[in-house]
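Undergrad: sequence unknown, structure follows:
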C-alpha cells in the first residue's frame, strides 16, 4: 500500500479584497520607508561634509538672533532736537507744496498774496500765513 496517493488535494485559498488591499498598501509603505532610511543612512556616511552647511543653517534658523536694544538717546540731545527740527521742516515743506499745487487756492486772493510773499521773501511768518490762508 502506497504511502502517498497520486491524487493531489486542492488547497482552499480564499482571497479577501480588503485583506489583499491592506497587505499591498502596507508592503508599499514599508518598502518606501526602507528606501528612505537606506538613502538617509547612505548620505550620512558617504557625504558628511556636504551636509555640514545645511546643518549649520538649520541650527542658525532654530536660534533667533539676539536683538541688541537701541541706545537710548536722551530727549534733550542735539541729535534728537535736529531730528525733530528736520521733521517739522519736512512737514511744513510738504504743506507748502500742497498749497501751491492746489487749484482751489488760485481763486483765493489772500492765499495768492502770501504764496507770492513766501516765494519772494521766505520767512517763518510767510510760511505760517500760507498755511493759515491756503487749504
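TA: Happy to help now that I have it. Predicted model, so just to flag it, every value in this text is computed and none were measured. Numbering: from 1, shown residues only.

Undergrad: low-confidence stretches in the protein?
TA: Within the chain, the stretches with pLDDT under 70 are 1-5, 47-48, 50-51, 70-75, 135.

Undergrad: which helix in it has the most residues?
TA: In the chain, with assignment by DSSP state H, the single longest helix is helix 17-46.

Undergrad: and the next element down the chain from it?
TA: Once helix 17-46 ends, the next helix or strand along the chain (criterion: DSSP states H and E) is helix 48-62.

Undergrad: what comes into contact with that next one?
TA: 43-44 (C-beta atoms under 8 Å, 6 or more residues apart in numbering). Glycine gets a C-beta too; all of them are placed from N, C-alpha and C.

Undergrad: buried residues in it?
TA: Across helix 48-62, burial judged by 16 or more other C-beta atoms under 10 Å covers no residue at all.

Undergrad: which helices and strands does the helix or strand following that helix pack with?
TA: Going down the chain from helix 48-62, the next helix or strand is helix 78-101, by DSSP H and E. If you count contacts as 3 or more C-beta pairs under 8 Å, 6 or more residues apart in numbering; DSSP states H and E, helix 78-101 packs onto helix 109-120, helix 124-133.

Undergrad: with distance to residue 56 and mean neighbour count as added columns, please give those helices in a markdown table.
TA: Output for the helices and strands packed on helix 78-101, formatted as a markdown table (distance: least, C-beta to C-beta, whole Å; neighbours: other C-beta atoms under 10 Å):
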| stretch | distance to residue 56 | mean neighbour count |
| --- | --- | --- |
| helix 109-120 | 61 | 15 |
| helix 124-133 | 57 | 16 |
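
Undergrad: nothing else from me, thank you.
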